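Trainee: Pasting the sequence and the predicted model now:
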Amino acid sequence: MGAMSRNRNRVRTLFFSDLHLGCPYARVEPFLDLLNQHEPQYIYIVGDFIDGWRLRKRWHWEPVYNAILSRLFEMSQTGTKIFYTPGNHDDFLRSFRFKFDFVEIADQFIHHCPNGRRILVTHGDKFDQVEKKAKWISVMGSFLYDSICWADQRVNRWRRHYNLSRWPLAATIKKNVKSAVQFVSDFEDSLMLHAKSLECQGVICGHIHTPIVVEKHGITYYNTGDWIENSTALLEYTDGRYEIIDVPHETNPDAAQVIPLDPAEVERRRQELMAAALGVDLRGSDEAPVLAVPFHADESR
């Protein structure tokens, strides 16, 4: 473990979103590679880490998920501070009153950069007008999205067989549908104006599975992307620079060989998370995270 630690890239902050644990299309092996390759001071889980919608419908839990949780626990125990802002697929955590000692949970955080900039961090679903006003349309859309992901997986499996480059089917469809392009633009504008109202100079979010950096309204908008259509995350370096990285899809065969510090503890905490996803009432501390910023519904307009 000592040799592996020396070879890890030291960065100030790692931001990622939309891993969707529980979804069979999630690219979990490249994500585990990312965790094993970096040693950040801070981690922000920017929502939809767990796909509660899918797990309620059908249980799907792979052994590599435990390796991911183990690595996060290990990072926390060696000094990394972890913050979690839930999204629409893991919104059960918004009312979750059990306080984990390794992660702080809130709807939004203010991240302070080395150069003094303030960056709002939130998943973004509260600025999705479809999600807010017609959630049933969002749920129906998720079924269509699953079909596209299913087709994407099979088309690219065929292309790999013939040594052809990957064709991002879902991203191509989004880029060529005018209403989807307008939706993304409106989503970005809403989040940037909200960040500006909180006297922030930037905003980091996920939700729409579109990794990008945009400058507008005097605000820098960062979307970390996802681990369904893409394999992307956002890094902050110690000098204040930000970079979106795209992790190769080819996996390291040794990446999943992360040994849990305490396998019994890993399993206990996993069961607590899943019990919450399935609607079990777990009561605990309701103390607010120190970096949490209260979210008011009228601020999103």
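Mentor: Ah, there it is.
Trainee: Quick one: the strands in the stretch 101-250 of the chain, in order.
Mentor: 104-105, 108-112, 118-122, 202-205, 212-216, 219-223, 232-236, 242-246 (DSSP state E, counting those that start in this stretch).
Trainee: Out of these, indicate the one that is most buried.
Mentor: Of all the strands of the stretch 101-250 of the chain, strand 202-205 has the most neighbours on average by mean count of other Cβ atoms under 10 Å, namely a mean of 27. Yep, even glycine has a C-beta here, placed from its N, CA and C like the rest.
Trainee: can you pull up the bridge partners for Phe16?
Mentor: Ile45 (DSSP bridges).
Trainee: Give me the below-cutoff pLDDT ranges for the stretch 151-300 of the chain.
Mentor: Residue ranges of the stretch 151-300 of the chain with pLDDT under 70: 151, 153-156, 161, 167-185, 249-300.
Trainee: can you pull out the helices in the stretch 101-250 of the chain?
Mentor: In the stretch 101-250 of the chain, the helices defined using DSSP state H, counting those that start in this stretch lie at 129-133, 135-161, 169-176, 178-197.
Trainee: Ok, which of the strands of the stretch 101-250 of the chain comes nearest Leu69?
Mentor: Leu69 sits nearest to strand 104-105 of all those, at 15.3 Å, using Cβ to Cβ.
Trainee: Show me what the closest one packs onto, helices and strands only.
Mentor: Counting contacts by 3 or more Cβ pairs under 8 Å, 6 or more residues apart in numbering; DSSP states H and E, strand 104-105 is packed against strand 81-84.
Trainee: Keeping just the C-alphas, turn the strand it packs on into PDB.
Mentor: Provided in PDB are the C-alpha atoms of strand 81-84 (Å, rounded to 0.1, in the frame of the first residue of the first chain):
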ATOM      1  CA  LYS A  81     -12.400  15.300   3.500                       C
ATOM      2  CA  ILE A  82     -15.500  14.100   1.600                       C
ATOM      3  CA  PHE A  83     -18.600  16.100   0.900                       C
ATOM      4  CA  TYR A  84     -21.800  14.700  -0.800                       C
END
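Trainee: which outside residues touch it?
Mentor: Strand 81-84 has contacts (Cβ atoms under 8 Å, 6 or more residues apart in numbering) with 41-45, 49, 72, 75-76, 93, 102-106, 109, 121, 289, 291.
Trainee: Among the residues you listed, filter down to the buried ones and hand me the PyMOL syntax, if you would.
Mentor: With 16 or more other Cβ atoms under 10 Å as the burial test, the buried ones among those are selected in PyMOL as follows:
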select buried, resi 42+43+44+45+49+72+75+76+93+102+103+104+105+106+109+121+291
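Trainee: any chance of the strands of the stretch 101-250 of the chain in a markdown table, plus distance to Arg12?
Mentor: Converted to a markdown table, the strands of the stretch 101-250 of the chain look like this (distance: least, Cβ to Cβ, whole Å):
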| stretch | distance to Arg12 |
| --- | --- |
| strand 104-105 | 17 |
| strand 108-112 | 10 |
| strand 118-122 | 12 |
| strand 202-205 | 13 |
| strand 212-216 | 17 |
| strand 219-223 | 14 |
| strand 232-236 | 5 |
| strand 242-246 | 10 |
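Trainee: Show me the one of those strands that comes nearest Val64.
Mentor: Closest to Val64 of the strands of the stretch 101-250 of the chain is strand 232-236 (Cβ to Cβ; 17.1 Å).
Trainee: Tell me which strands the closest one pairs with, and in which orientation.
Mentor: Sheet pairing of strand 232-236 (DSSP bridges) gives strand 9-16 (antiparallel), strand 242-246 (antiparallel).
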